[in-house]
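Everything below, folded, please.
(one chain, ligands or ions: 1)
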Amino acid sequence: MQNQSLFHCGKFRLNLAHPRVMGIVNVTPDSFSDGGRHASTDLAVAHALKLVAEGADILDIGGESTRPNAIPVGLDEELSRVIPVIERLAQEVDVPLSIDTYKPEVMRQAVKAGAAIINDIYGLRQPGAVQAAAEGNAGICIMHMQGTPQTMQQEPVYADVVQEVKAFLHEQLQACHAAGISAERIVLDPGFGFGKRTVHNLALLQAMPAILELGRPILAGLSRKSVLGQIIGSDVDQRLHASLAASVIAVMKGARIVRVHDVKATVDALKVTDAVIHAQASA
Ligand code: 8Y7
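Model (predicted):
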């Protein structure tokens, strides 16, 4: 069995004996300014630097919104959003940069520009994605999603959500193995909110130890998601405390990386969590 607590991603070896925080960096054009491309690059880089100062261990850079009903972005537009940001950050920070994309060509160019992790919400299901991921030595996050971002929240149905998510992740792990991708380069993600109702998200969170049986670390993304809004009855900008609770629970259930908007608060919450996980049972 491979070492489950070392994540190989590009030139980095991330020690997952302690939980890690992946900070979210969205690169979307600023429709309220006429500063154009440079303005959105500068904004994204500045935000990324702030997240690193707050303790982010990884930065996840995305140029296409994958929220329910979001409009897909073309290849050239996505590239022109994310590549300049990755090039700049690769020079300015010393944490692994993750590219949030499902397009093989974006994976290739992002890795060339300095990305160390490929974060694919389609779990490498797009034609050519496994091949593109196999080419370099980037780490890979395989995420489960039922449907597509355009349709996924319409009517998600499962006979057994935990077994279905687990079977999918197992299948994609095997596809990676067949393509020559070493297991140390892979982390798995149940894909909270991606084609899942609240009951499905909660069942997955409760049953994370079953997913861990696949032998790879789990990345969990619950930050500000609607499942939390459903539980507490709050809008997206009022979900910080619920998000912290979700990250702490995910790590107590075995997740090793959490993908979040609010880095500083999450780092503090996970320091407490980690202290408890590593505490002596009888002192
Ligand atoms: C996740 C994600 C999003 C997640 C991974 C949002 C890109 C939606 N969520 N990637 N991406 N896991 N691996 O609300 O849960 O942040 S976008």
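
ok, then the element right after the host helix or strand of Ile231?
Take DSSP states H and E as the rule and Ile231 turns out to sit in helix 226-232. Of the helices and strands lying after helix 226-232 in sequence (DSSP H and E), the nearest is helix 240-252.

just the angle between the next helix or strand after that following helix and helix 240-252, please?
With elements assigned by DSSP H and E, the helix or strand that comes after helix 240-252 is strand 255-260. For strand 255-260 against helix 240-252, the angle by axes from the mean of the first three to the mean of the last three Cα atoms, to 10 degrees is 160 degrees.

Residues contacting the helix or strand following strand 255-260, please?
Counting by DSSP H and E, the next helix or strand C-terminal to strand 255-260 is helix 263-277. By Cβ atoms under 8 Å, 6 or more residues apart in numbering, the surrounding residues in contact with helix 263-277 are 18-19, 21, 23, 51, 54-56, 223, 240, 243-244, 247-248, 251-252, 258, 260. (C-beta placed from N, C-alpha, C; glycine too.)

mind redoing it with 7 Å?
Counting contacts by Cβ atoms under 7 Å, 6 or more residues apart in numbering, the residues outside helix 263-277 that touch it are 18-19, 21, 23, 51, 54-56, 240, 244, 247-248, 251-252, 258, 260.

what's the answer for stretch 42-51, then?
Contacts of stretch 42-51 (Cβ under 7 Å, 6+ apart): 23, 25, 27, 30, 59, 85, 88-89, 92-93, 263.

Just the buried positions in that stretch, please.
Neighbour-count burial for stretch 42-51 flags 43-45, 47-49, 51 (criterion: 16 or more other Cβ atoms under 10 Å).

residues touching whatever residue of the stretch 151-283 of the chain ends up closest to the ligand, list them.
Residue nearest to the ligand within the stretch 151-283 of the chain: Gly221 (2.3 Å; Cβ to the nearest ligand atom). Contact analysis of Gly221 by Cβ under 7 Å, 6+ apart lists 189, 192, 259.

what do you get for Leu205?
Taking Cβ under 7 Å, 6+ apart, we find Leu205 in contact with 249-250, 253.

swap in Thr28?
Per Cβ under 7 Å, 6+ apart, neighbours of Thr28: 40, 65.

That one and Asp57, how far apart?
Applying Cβ to Cβ, to the nearest Å, the value for Thr28 to Asp57 is 24 Å.

returning to that earlier point: helices or strands next to the helix holding Ile231 in the packing?
Where contact means 3 or more Cβ pairs under 7 Å, 6 or more residues apart in numbering; DSSP states H and E, helix 226-232 is packed against helix 198-206, helix 240-252.

Pull the number of nearby residues for Thr151.
When counting by other Cβ atoms under 10 Å, one arrives at 13 neighbours for Thr151.

just checking, it is part of a strand?
No - using DSSP: H, G, I helix; E, B strand; the rest coil, the assignment for Thr151 is coil, not a strand.
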